[in-house]
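Engineer: Requesting a structural model of the entry that follows:
(chains A, B and C)
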Amino acid sequence: MAVLDSPRIVSSRSQYADSYTLSRYLATGGYVALRKALTMFPEQVAAEVDAASLLGRGGAGFPAGRKWSMLRKSPVSYLVVNGDESEPATFKDHFLVERDPHQLVEGVIIAAYALQVSQAFIYLRGEFALGLERVQQAVNDAYAEGALGSKIFGSDFSIDLVVHPGAGAYICGEETALIEGLEGKRGFPRIKPPFFPAVTGLYGEPTVVNNVETMSNLPWIVNNGGAAFAALGAGRSTGTRLFALAGRVNNPGVYEIEMVKNTFRDLIYDPQLGGGVFEDRAVKAIIPGGVSAPWFGPELLDLPLGQDEVGEKGSMLGSGSVVVLDETTCVVRAAWRITKFFSRESCGQCTPCREGSGWIERAMYRLEHGGGRMEDMDLLLDLCDNIAPGLSWPPQQTTICVLGSSIPSSVHSAIKMFPDDFKAHVLHGGCPHD
Amino acid sequence: MSHFHPEIRQRAEELVALYPRARSAMLPLLHLAQEQDGYLSEAGIDEVAALTGTTSADVRGTAAFYDMFHLEPVGKYVVGVCTNIACLLAGGEEFLEHASQKLGCAVGSTTSDGLFTLEETECLADCDKAPCVQVNHRYVRTTTPATFDALVDELRDGKLDNDVPAHGTLIRVRRSGGLRVPRQEIVDQRALSTAARAQRAEEAK
Amino acid sequence: MTDVIRTTVSITVNGRELEVKTGELLIDAAERAGEYIPRFCYHPRMEPVGMCRMCLVEVEGPRGATLQPACYLHVNDGMSVCTNSEKVKKAQDGVLEFLLANHPLDCPICDKGGECPLQDQTLAHGSGETRFVEEKRHFVKPIEIGELVLLDRERCIQCARCTRFSAEVAGDTEIAFSGRGDLIEVAPSPDKPFNSVFSGNTVQICPVGALTAKPYRFSARPWDLEQVESTCTTCAVGCRIAVQSSGNRLTRVLGVDSDPVNHGWLCDKGRFTLDSVDQNADATDVLDPATRMVAPMVRVNGVLEPVSWGEALDAAAKILRDASATPEGVGAIGGASLTNEGAFAWERFVRGVLGSDNLDAQFGDGLDPVLLQALPRATIDETASAKTVVTLTGDLREELPILFLRLRESAVRDHHAIVEFAFGPSALRPVARLSLVVRPGEAHLAARCIADRADAPTGVAFTNEELFEARRLIGESGEGVVFVVGRPNVAEDPRVLEDAIRRFAERFPDAKFLVALRRSNVAGALDMGLSPRLRPGRGFELTSKGRDTLGQLEALRRGDQKALLLLGGSLLGNVADVVGATSALEKASVIAVTGHGGPSLAFADVVLPAAVAHERSGTVTNIEGRVSAVAAKIVAPGSAWPDVAIAAELAEQLGQSIGLTSVEQTAKTIEESTGYPALSVANDELHDGAVVGRLDATSLRHALDPMAFPGIRSAESVGLASYTGATVETNAVDSVHTRPATLDVLGHAPNLEVPLADAYSLRLVVSRRLYDRGVAMQGSPALDNLIKATTLSLNHVDLDRLGVEAGAIVRVTGAQGSVRLAVQLNEEVARGSADVAFGTLSATGEDALAALLDPTSVISQVRVETR
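Structural biologist: So this is what the prediction gives:
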């Protein structure tokens, strides 16, 4: 049974059609948290975030409080909000920027205050045209309200916030590539070490990069305390989380539910959530955490939706996306399309990702369309191994960034879980599903 | 002689002033150049190069990295259809094929009347509405061939000009002014707060 | 108790413990220790990027051994590295397989075959067969991305060496990565082709055959080539080069990484002008600088006819005997195109045999050589590491390109301050800390103001703020400051700049000077005494009363001098006052000793053909006083002789001897009689040369990166020793038999009468272009399209004041006439001045300078009118 009685921490205004307007925001507790935060010392605000044990909601799941504490001491530092949501089948930040932009802006200002950064930026993917407009409007409103600018709300704290559009590149969701984009360059990820943003980030200065959803949690955490947040969920996976459910379910959508107390089965089948699989078909596979994540079979449906729980089983909660493949899905085609995505989005800096993704994509295409050979499965696994040696999880990588080590996830999962499907393609001379 | 019209030039200079380094304005400036010309012309690229302090080769190369920038003219309406995993499962490939038929142009090209460009895109982050379509980066929730056809007809007739501006116009909400806080004010404040925090840490011992 | 700063750390590589330099890159440290790690994108002269992933090695860390790029890691104490484990080998094999997946099977038709790091590393680390059965990517190929460089997109492995060079080293970012993923291409802007003067370097450092050079394309296979290491003499920087030939035909020049000089880089003029040496021996027009002189000639009935050496020497001797009847009746002009040995031989001939003090290797286009000799000299390294560099030169990228690269690196990477005396447009402007605008006739005033802490006088272009900043950056004594001095404006009396230089030298005793005279071996020729008061071995003779070039031309016009020995045929192509020089040549009996034709030969009575660069061995001296060896690679055409032989034979013809028999013996004589380095450098395996008078000037060459010098696995295999560092003992100048000049011999500074600024006139700046109409360019058709038509440039203020549109044709009137020229806009030209390139032709094809130059005044002024 799904646990659905947790508070709506980031989606409380979704019931209102005008949820994105300033008037609705102010009428529903808007900017109460910021005013409260300004009466606390910056480190006290950070302590609440730490107490909340808020895991980053972008994909890596790194604790926000810990990331904040790693910010190198420097007269100049920056806060950059990652709204580049481009991980396939992830659409929860889209929801937040269009439906509750003020909440995001307030969260960002709270974070900027806690971190005492010099300037804050919200980077939104360029395809979020409406989201960019709404967030820009929210920023304008914040200035007008006195929540941004010189000495906000009469405090000693001044801060400017700039909304920055991306221009269509998945790799810019990687934090160092995001920074490169914000510096006006190609989104080429930087090598870590040494370029951990908290140490050397935007313009070489210490920078915190946090996800849109992570920031959106801050007003509630300040208002209710970090402990209240940590009382939800379990273990390291505290609070609620937005899950973006897509694929072969009756009710795809964004759902805010409590972590760990709910399982994949709850999310997919509960009538108030996913509502079950299309035409009552059997689940063939689940892709948790975005297409960078290895797949799960139906035997893991009762796995709790928790960071460590999922990690222990060899995948990741990642961006909070869950895609359901049913018995009619061709896994070869699915894995091919995911590989094609990585090939098109590879930044091109390093050899294994740039060339490997293209090779794997072409081989998968050949398998899907009739030119497959039995040895192709071993070949594909070996090519994957050359990109992510050992094919372990968490993966090792020969590449500069984790896009590379994400390439093998779908191919490896598909081959490992459904070898007969691949063999059938070879024997059939094409896709048996057509 | 600026290639940018005076109002665009004004906005360009305001954009540059929002960032600690001029080059950071690269992407917003390229969007602005595209807003004026509908695509990135060589003159637009040269102008952005001058504003960001780099060369045309560098600007062009940077623009070409990003999918939203077009170095050749495109249609008034750029129709993007996603075929990534969620949309694939919802029949996105078939939908793309239909779109190509209805519009009368191949994927990746522009109709002969210059009205539509059809693109196959990657995930548009709208997966519960699969198969996903954007026109000039605005979501248009048409998930069936019939509703798509109706949309195309409406666009042709100019009925959706308020909702879907011509290609290039991305953000219609202007920022209400530049940065408000002088740099020195930030520097001074942060110095004070750092000192105060150190003081508190000392006292806590 | 002091902390010891360790200069070495201890690491373990493949079980071996090594002491390596603190902060060094792991890839370099391992290579020095004999553990070569394969790589593509890493280049020792550029910042590492860790992109190709070929250099992955296993490094022990808190989570076990992980694969890390060796080019990106700095060594840490206790680091433990494995470069040959199974995991590393699989990674290397994997990277190569990935690279080769789409790489076309072009080896049989690819220039790089045989010297290709991709081939070499595949053989060493890759598998023998491919598993790739898919369709490779295809692109239209090759594409001309510039006048000289072609791109093959299919071969490109996206290592970014070329784009990084363009952005980081050359600083002009003319090419950049365009696109994303496997569609990334190296691309210039469509309307701005890749015509940087440094474009050829990208071809050399490209690790595959993606970038090829048009002049070299398909012309040879590396295994057919023989090579020697030599010194480039196209300009005076003296870059180290490897000259390659096949069957007595010059095929290619590559840059060799010399630590004190060029770091492996070359400019395109030095790289691509080989044709001017050996491809024009059949040409017959003696007035064309491209033509090689291959036979002795004597003018008979007004026409130059080929004759035997005996006849030519006889005719020449007769001219000289007749002319010597008049006191000071003979003289020699030229010498920058000679080696030191050649210059030494001619000096002995003119002073010893002819008894004349009339010698000059400069054409009135340089600076007072006595002043230059008196300055405390800096090396290029010292200039690049100086905290402040003050430049009093023209645009260094046009005159001494590799020096420009060294200074640019010093400003951009090391944040040193460049204080630029801004005479006109300059490629250093964007990276200079301060640009002090200086019009013609103002440089000495600015120098005085800086030195004496005076305010700027009224009417000058420079401001008090600029002076203040300059003083602050130079400091009190000039310690840590280097002045780079040249001749930025041939239309300005050199005494203006000489006054400035002298003032700086006197006021800042701790400062040093880098002498940026641009032509070929002018530094060596002067050091060999080819100037009235100079003597061989960087010596000086106070009492000498000989005539310099302008003095000789004046005397020839008056009839006081009868004969002229032209050493190199380029007088009329290089002198500012062509009209005056022409009338001098008309009156004189001229013996031209030259390898190339030229307009001066219209007046030659005898032509003695000489061997030129790459045809003769010896030594040359560069701008820092570094003596380095040049090597002959091919045989001179026809019956051209080396200059030493010509001078010796001519002496014999006059019944005398200069005591020199061969180049080697001459080098020995130079060294023994003057102490100036010569033979020891020529014989020295280190090849990097010796800086005159500097015991502390090191002569290092980094271990040659086989990737930078493409495909050559080790320098030893091709006869080039690879050294990690060595200091060469040089002979201190003290042992030179005649002492060098000092500042006190210069006498009083002249009072320069600079005409007042005339509201209607503009002061003329005559600047240089790299791609000019000299010998090297005329003989190299590959560079023809790079020669830009030049014209008069004005600041917008002056264009507006004159009511002239950029591009309009105007009448420009100077002291000697009027010409019609197009004007263009250039904001870097100072207001009140007008910039024109040396050699500019008017709208009707005449040399513009002939009309505009005022040889009687300190500056030349011109009027611009629309009709």
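Engineer: Please enumerate the helices of chain B.
Structural biologist: Assignment of helices within chain B using DSSP state H yields the ranges B:6-16, B:26-37, B:42-52, B:56-65, B:85-89, B:92-103, B:145-156, B:183-204.
Engineer: what's the most buried one of those?
Structural biologist: helix B:85-89 (a mean of 29; mean count of other CB atoms under 10 Å in any protein chain shown). Yep, even glycine has a C-beta here, placed from its N, CA and C like the rest.
Engineer: That helix - what's its average pLDDT?
Structural biologist: Confidence over helix B:85-89, taken as the mean pLDDT, stands at 97.
Engineer: Repeat that for stretch C:651-661.
Structural biologist: Per-residue scores along stretch C:651-661 average to 96.
Engineer: who's in contact with it?
Structural biologist: C:313-314, C:316-317, C:320-321, C:344-345, C:348-349, C:352-353, C:644, C:647-648, C:666, C:669 (CB atoms under 8 Å, 6 or more residues apart in numbering or on different chains).
Engineer: try stretch A:190-202
Structural biologist: Counting by CB under 8 Å, 6+ apart, A:67, A:70-72, A:78, A:80, A:121, A:175-177, A:179-180, A:182-183, A:206-209, A:400, C:50, C:69, C:72 sit against stretch A:190-202.
Engineer: closest one to residue C:236 among the helices of chain B?
Structural biologist: helix B:56-65 (31.4 Å; CB to CB).
Engineer: which strands and helices sit next to that closest one?
Structural biologist: Counting contacts by 3 or more CB pairs under 8 Å, 6 or more residues apart in numbering or on different chains; DSSP states H and E, helix B:56-65 packs against helix B:26-37, helix B:42-52, strand C:175-178, strand C:185-188.
Engineer: in chain B, what spans have low per-residue confidence?
Structural biologist: For chain B, no stretch is flagged by pLDDT under 70.
Engineer: Hmm, I typed the wrong one, I wanted the stretch 551-700 of chain C.
Structural biologist: C:569, C:685-688, C:694-700.
Engineer: mind running it again at 90?
Structural biologist: By pLDDT under 90, the low-scoring segments of the stretch 551-700 of chain C are C:568-570, C:573-574, C:576-579, C:675, C:677, C:679-700.
Engineer: Now the element after the longest helix that chain A contains, going C-ward?
Structural biologist: Across chain A, the longest stretch assigned as helix under DSSP H is helix A:351-369. Proceeding N to C from helix A:351-369, the next assigned helix or strand is helix A:376-387, under DSSP states H and E.
Engineer: Please see if that following helix touches chain C.
Structural biologist: Yes. Contact between helix A:376-387 and chain C is present through A:379, A:385-387 (criterion: CB under 8 Å from any CB of the partner chain).
Engineer: what's the angle from that helix to helix A:351-369?
Structural biologist: Put simply, helix A:376-387 runs at 160 degrees to helix A:351-369, going by axes from the mean of the first three to the mean of the last three CA atoms, to 10 degrees.
Engineer: If we go by neighbour counts, what in helix A:376-387 is buried?
Structural biologist: A:376-377, A:379-381, A:383-387 (16 or more other CB atoms under 10 Å in any protein chain shown).
Engineer: looking at the helices of chain B, which is closest to residue A:243?
Structural biologist: Between the helices of chain B, helix B:85-89 lies closest to residue A:243; by CB to CB that is 13.7 Å.
Engineer: which residues are contacting the closest one?
Structural biologist: A:88-89, A:246-248, A:252, A:287, A:291, A:323, A:325, A:329, A:333-334, A:337-338, A:341, B:81, B:95, B:123, B:127, B:130-132.
Engineer: The residues you listed in strands, which ones?
Structural biologist: Judged by DSSP state E, the contacts of helix B:85-89 include A:246-247, A:287, A:323, A:325, B:81 as members of strands.
Engineer: Check the stretch 301-434 of chain A for the residue nearest chain C and tell me.
Structural biologist: Using CB to the nearest CB, the closest approach of the stretch 301-434 of chain A to chain C is made by residue A:386 at 3.2 Å.
Engineer: For that residue, report the pLDDT, please.
Structural biologist: pLDDT, residue A:386: 96.
Engineer: wait, doesn't it sit right on residue A:357?
Structural biologist: No. Here residue A:386 does not reach residue A:357: they are 11.6 Å apart, not a contact under CB atoms under 8 Å.
Engineer: and residue C:576, what does it touch?
Structural biologist: Residue C:576 makes contact with C:364-365, C:490-491, C:766, C:838, C:849, C:853, C:855, according to CB under 8 Å, 6+ apart.
Engineer: try residue B:52
Structural biologist: Residue B:52 neighbours (CB under 8 Å, 6+ apart): A:184, B:16, B:22-23, B:25-26, B:29, B:59.
Engineer: That one and residue B:16: what is the separation?
Structural biologist: Distance, residue B:52 to residue B:16, using CB to CB, to the nearest Å: 8 Å.
Engineer: try residue C:138
Structural biologist: Distance from residue C:138 to residue B:16, by CB to CB: 41 Å.
Engineer: likewise residue C:63?
Structural biologist: 44 Å.
Engineer: List the buried residues in stretch A:247-256.
Structural biologist: Those would be A:247-249, A:252-256, for stretch A:247-256 by 16+ other CB under 10 Å.
Engineer: can you list the residues that contact it?
Structural biologist: By CB under 8 Å, 6+ apart, stretch A:247-256 touches A:6, A:8-11, A:89, A:91-92, A:95, A:240-246, A:267-268, A:273-278, A:281, A:287, A:322-326, A:328-329, B:85-86, B:89, B:127-128, B:130.
Engineer: Now do the end-to-end distance for that stretch.
Structural biologist: 18 Å (CA to CA, to the nearest Å).
Engineer: about what we covered before: from the contacts of stretch A:190-202, list the ones also adjacent to chain B.
Structural biologist: A:182-183.
Engineer: Of the contacts of stretch A:190-202, keep whichever come out buried.
Structural biologist: Using 16+ other CB under 10 Å, the buried ones in the contacts of stretch A:190-202 are A:67, A:71, A:78, A:80, A:121, A:175-177, A:179-180, A:182-183, A:206-209, A:400, C:50, C:69, C:72.
Engineer: what's the neighbour count on the nearest residue to residue C:536 once chain neighbours are set aside?
Structural biologist: Excluding the flanking residues, the one nearest residue C:536 by CB to CB, 6 or more residues apart in numbering or on different chains is residue C:529, at 4.2 Å. Using other CB atoms under 10 Å in any protein chain shown, residue C:529 has 30 neighbouring residues.
Engineer: Close to chain B: what parts of the stretch 1-150 of chain A are there?
Structural biologist: A:41-43, A:73, A:75, A:85-91, A:93-94, A:116, A:118-119, A:125-130, A:132-134, A:136-137, A:139-140, A:143-144, A:148-150.
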